[in-house]
Every structure is written in C-alpha cells, then in structure tokens.
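In: output the structure for:
(one chain, ligands or ions: 1)
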Amino acid sequence: MSDEEPLSIPTVDLAELVHHDRAVRQRAAASLREAFGTYGLVYVLNHGVDFTLRDRLFQRFVDFTERPDAEKQPFNRGDIWFQRGWTPPNTERAVAAGGQPDFKECWFAAPVPTSPDLQVEYPQIFADNVWPEDGAEFREDYLTLGRQLHEAGLSLLHGVAMSLDLPERTFERKVEGGAHVFRLLRYLALGQDQVGSGVVWGEEHTDFNLLTLLPGGQFFDPESAPCDRPDDASGLYLRTRPSKAHPRGQLIQGKAPPGCIVAQVGQQLEILTGGELLATPHVITAPKTPGYTRMSGAHFIHLHAHEMVFPLERLRTPENIAAYAPPVLAGTYAIKTLVDIGLAPPEALSKLGYRHYGRLADIHAAERGAKEDPGA
Ligand SMILES: [Fe+2]
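Out: From the prediction side, this is the model:
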C-alpha cells in the first residue's frame, strides 16, 4: 500500500451544496468535482446518516450470519440472482479476479420503493424484499439507514450536476425508480491455513452503478466483539486516478475522517460524464491474523433501467463516444454485469436480443409433419 505523500481528498458538506449563498454552493460543487474527478471518491459531512443506527444494524447482521446454515438457506435466492436476501460465501467474484470468489456473506434489500412496471420487466433485479420472520427490527433499521444513505446520495448527485454545469436535477431525474439497493457485507474469518494463502475478502473492482455510499466499516474480533483493525494492511483500499507521478494511481485506505461517510463514483457515472469522473477501483484485503471479520455496508444508486448508459450529450467528444460505445440501457448493462460477476446465470444474456426463433422452428416442424402425413 502506498503511503507516500498525503493525499488531500476533499470533504464536502452537504449543507453547503444547498446553501442560500450561491458562492458557497459553487465552492462546494467545485470540491466535489475535484474529489470525484481526481480521486473518484469524496468524504461527506452533514450527511444525515445515523452512526448509532449503523452500528446497531451491523450487530444485527453479525447475529444473523451466526445462525445455523439451515436458518439462512431460505434467503439464499439464486433464483432472483441474489438481488434480495442472503448471499452465501464464495458466490460473487470480481471480473478481474480470475475466478477467485470473494470471501464474504451479504444481505440485499431495496430501501426505497421501486416501480411495479420494472418488476415485470426485470423480475430478479426488482424483486420484493425478503426478511427473516423474526426480523422486524432488522428490517426497520435496514430500511431507515438505506434511506438516509439514499438521500445523501441524491444531494451529492445534485452537486455533481452543478459542478459540470448541467441542469441541476439531471441525475436526480435519471435515477428516479432505479434499482437502488442497500447491501450489508460481512467479510469472513480466515482460518490459520488461509492466512496469506491468497484468499481475498473483496477482489479489486469498480462498482457498476452510478454512485455508491459507504457508511463506514467495523472489524470484529474472534469473539465477535467490535475492535480496531487487526493489522495496518487489512480493510478497504481505494485506487486514485492514474497520473504522471502515479501511473497506476495510489491505493489509499478507505477510512473517512471522523463523522464523515464516503461516496465513490460507479461505472455509470464515469460513462455519463464521458470519463470526467472516474469509477473508483477498490479492494478489501483480508487480515494477517485468523478469526477476525469485518462488517460494512454499501448503498448503490442506479440509473433508471430505461436510461441510456452513454456520455451525456453536452459532454460527448469523439474520443469518449468511441471509448464508451455502444450505448446500452441501464437495465441491460445490469444484467450483463450480474452475469459477469457470477450472480446471474449466463442464460440471462440470451434474453437481450430476439429469442423467439422457436416459433418459426415449430411452424417448420409442423409443415414437415403435414408433408409426411398429408391426411393429418
Ligand atoms: Fe464495490
């Protein structure tokens, strides 16, 4: 991990993005652009996210993951591509991971209502939430924290539009009704034989959605009590934009200053801005000591499934058109990515084009039958 020059990642105060004084708003928007354009991430103050609630929810999920496997299995929903409920360990894998799956278990739920129309079109991605029978408090805390992160994300998107001289509600409009999903993740304890064996908690990747909100992480010791990180190399690391001085970017610890949350750019926002903002590669490294686990959460804001994933007209250049072509719908983009990362089956791709060839084949078969048996 690089620890050369200290990086000055901007902190943006959400209250300043909506300040009555235009100069304050513009200054905050400029910081946001610097943060997302150079580092791919920003620290956020006045975010409205309740950390007491977050810690309580983390503990609730730790308790859930420690239940017997048989109690968790009903929520293991491969049929809906794990987009709701429980994702078992070793299911998801990053595209760059060479087949090595992530060593984590997760929960997925949508914290804001989604459109019934989209549920018909994308039944897996817009599936109804599922909850354990005794999970009323888990559900309540989950949805509340998810909504807080969502609101913070919408404010940031407002600021992004301002910072790029776009109509201020450009992104808020484009995400309305999208497949926003809040995820809890518990990175699992390594056994003595796994330490240093190449097991990754989360292989380096960029998120495929528009904007990701990270409320912070928490390590747990082998007795499942909250603790500091067990060594100075484990946890979340984010890679900054490559520069002349750092052609591969710099890996920096994804720990926000006290009181802040982190927001990071996803692939959709990179593409819409023609690469002005860059999707943030990030990796979650496992500790060098067995028995430790880590809890974290991530709220993913998505474009509406019918929005085009392509540079916005005002930001198009011949170079970025070529780089991000062909244009594709956000819903299609999601299906392709979910197949790539092992959550959806490859057959899902066959639905992305004409697939009713069977109809013609049936007619031809019937015609052949009629010829062979003219009396039929
Ligand atoms: Fe991620």
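In: pull the longest helix from the protein.
Out: Scanning the chain for the longest helix, with DSSP state H as the assignment, gives helix 136-163.
In: which element follows that one toward the C-terminus?
Out: Per DSSP states H and E, the first helix or strand lying C-terminal to helix 136-163 is helix 170-175.
In: from the chain's centre, how far out does the helix or strand just after that following helix sit?
Out: With elements assigned by DSSP H and E, the helix or strand that comes after helix 170-175 is strand 181-187. Between the centre of strand 181-187 and the centre of its chain there are 9 Å (C-alpha atoms, centre = their mean, to the nearest Å).
In: okay, the angle between strand 181-187 and helix 136-163?
Out: Interaxial angle, strand 181-187 versus helix 136-163 (axes from the mean of the first three to the mean of the last three C-alpha atoms, to 10 degrees): 110 degrees.
In: before we move on, the earlier item: mean confidence for the longest helix of the chain?
Out: The average pLDDT within helix 136-163 is 98.
In: and if you look at stretch 311-323?
Out: 98.
In: could you dump stretch 223-230 to PDB, C-alpha only?
Out: Listed in PDB are the C-alpha atoms of stretch 223-230, where the atom choice follows Å, rounded to 0.1, in the frame of the first residue of the first chain:
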ATOM      1  CA  GLU A 223     -15.200 -13.400  19.900                       C
ATOM      2  CA  SER A 224     -17.400 -11.300  17.600                       C
ATOM      3  CA  ALA A 225     -16.800  -8.100  19.700                       C
ATOM      4  CA  PRO A 226     -16.200  -4.800  17.800                       C
ATOM      5  CA  CYS A 227     -12.500  -4.000  17.600                       C
ATOM      6  CA  ASP A 228      -9.900  -1.900  15.800                       C
ATOM      7  CA  ARG A 229      -8.400  -3.400  12.600                       C
ATOM      8  CA  PRO A 230      -6.100  -6.200  13.400                       C
END
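In: what pLDDT, on average, does that stretch get?
Out: The model assigns stretch 223-230 a mean pLDDT of 91.
In: check which residues of it are buried.
Out: Residues 229, 230 are the ones in stretch 223-230 that count as buried (16 or more other C-beta atoms under 10 Å). All C-beta atoms are positioned from the backbone trio N, CA, C, and that covers glycine.
In: using the three-state scheme, assign the spatially most central residue of the chain.
Out: Note on the chain: the residue nearest the mean C-alpha position is residue 300, at 4.4 Å, using C-alpha atoms, centre = their mean. For residue 300, the assignment made with DSSP: H, G, I helix; E, B strand; the rest coil gives strand.
In: the closest residue to it other than its chain neighbours and residue 89, how far apart?
Out: Nearest non-adjacent residue to residue 300, counting by C-beta to C-beta, 6 or more residues apart in numbering: residue 209, 4.2 Å away. Using C-beta to C-beta, to the nearest Å, residue 209 is found at 23 Å from residue 89.
In: ok, now which ones touch the residue lying closest to residue 30 once chain neighbours are set aside?
Out: By the measure of C-beta to C-beta, 6+ apart, the closest residue to residue 30 outside its immediate chain neighbours is residue 163, 6.3 Å from it. Applying C-beta atoms under 8 Å, 6 or more residues apart in numbering to residue 163 gives the contacts 29, 30, 32, 33.
In: the second one belongs to a strand?
Out: No: counting by three-state DSSP, one finds residue 30 to be helix, located in no strand.
In: tell me how many other residues crowd it.
Out: Residue 30 has 15 neighbouring residues, counting by other C-beta atoms under 10 Å.
In: next one: it from residue 159, what distance?
Out: Residue 30 sits 10 Å away from residue 159, going by C-beta to C-beta.
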